[in-house]
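In: Next come a sequence and a model predicted from it.
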Amino acid sequence: MSLLPQREHRPFAVPARHRVLDAPLEGPWPDGAGVVYFGMGCFWGAERIFWQLPGVISTSVGYQGGEMAHPFYEEVCSGLTGHAEVVQVVYDPAVLSEADLMRTFFTAHDPTQGNRQGNDVGSQYRSAIFWTTPAQQEAARAVAEAYAGELRDAGFGPITTDMRSASEAGEFYYAEDYHQQYLDKNPNGYCGIAGTGVSCPMPVTS
């Protein structure tokens, strides 16, 4: 539950088009496109990882998993709203499989750190997957299970990723305009994303 009082606030205006992919930030999406939400620390670097993947149609950053509607960045950073900084990833499943998406997610950051990523500390920086389809859920759980053993063998602790449906996590709120595609606007800007260096095998599925 949010520890900050709710207040009236309009959604943030975001750019009509993605700076890198020249796609809509708010849809509509092509028929058959998948949508999934990833939290992996500071969303600036996380978004850049996904917009570079073949098969990704659009990305945007925002806040999800908390209680307050349309929170400001400063409120999320207080850790009192319950939100995680997340990336909305829209993709073509015919080009980019759910398993490959999940493998990218798990290996691009450290999913064992709890409420932090490196020097970024707080629940807003937690590792998270909020899925919207059964295929994403199956892939997330299978990849997590496969990767957990590899991480354990390499001396890491258990995976702490917050994994649940997007409907359970609650609405995705777009972040302020200046956060969208931040590292394309500021190529030398801060990026605290770092993986473990442990490779992730393709999971065995039924």
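Out: Sure thing, it's come through.

In: In the protein, which residue is most central in space?
Out: F38 (1.8 Å; C-alpha atoms, centre = their mean).

In: how many neighbours does Q137 have?
Out: Close neighbours of Q137, defined as other C-beta atoms under 10 Å, add up to 17. For every residue, glycine as well, the C-beta is placed using N, CA and C.

In: list the contacts for the residue nearest to it when sequence neighbours are not counted?
Out: Excluding the flanking residues, the one nearest Q137 by C-beta to C-beta, 6 or more residues apart in numbering is W131, at 4.7 Å. W131 makes contacts with 36-37, 137, 140, 163-166, as judged by C-beta atoms under 8 Å, 6 or more residues apart in numbering.

In: starting at the chain centroid, how far to the host helix or strand of the residue nearest to the centre of the chain?
Out: Secondary structure from DSSP states H and E places F38 in strand 34-40. Mean-position distance between strand 34-40 and its chain equals 4 Å (C-alpha atoms, centre = their mean, to the nearest Å).

In: what's the answer for stretch 47-64, then?
Out: With C-alpha atoms, centre = their mean, you get 8 Å for stretch 47-64.

In: Then stretch 185-197?
Out: 14 Å.

In: contacts for that stretch?
Out: Contacts of stretch 185-197 (C-beta under 8 Å, 6+ apart): 19, 40-42, 44-46, 48-49, 107-110, 112, 117-120, 151, 154, 156, 178, 182-183.

In: so where's the longest helix in this structure?
Out: helix 134-153 (DSSP state H).

In: Next, count neighbours for V20.
Out: By other C-beta under 10 Å, neighbour count at V20 equals 16.
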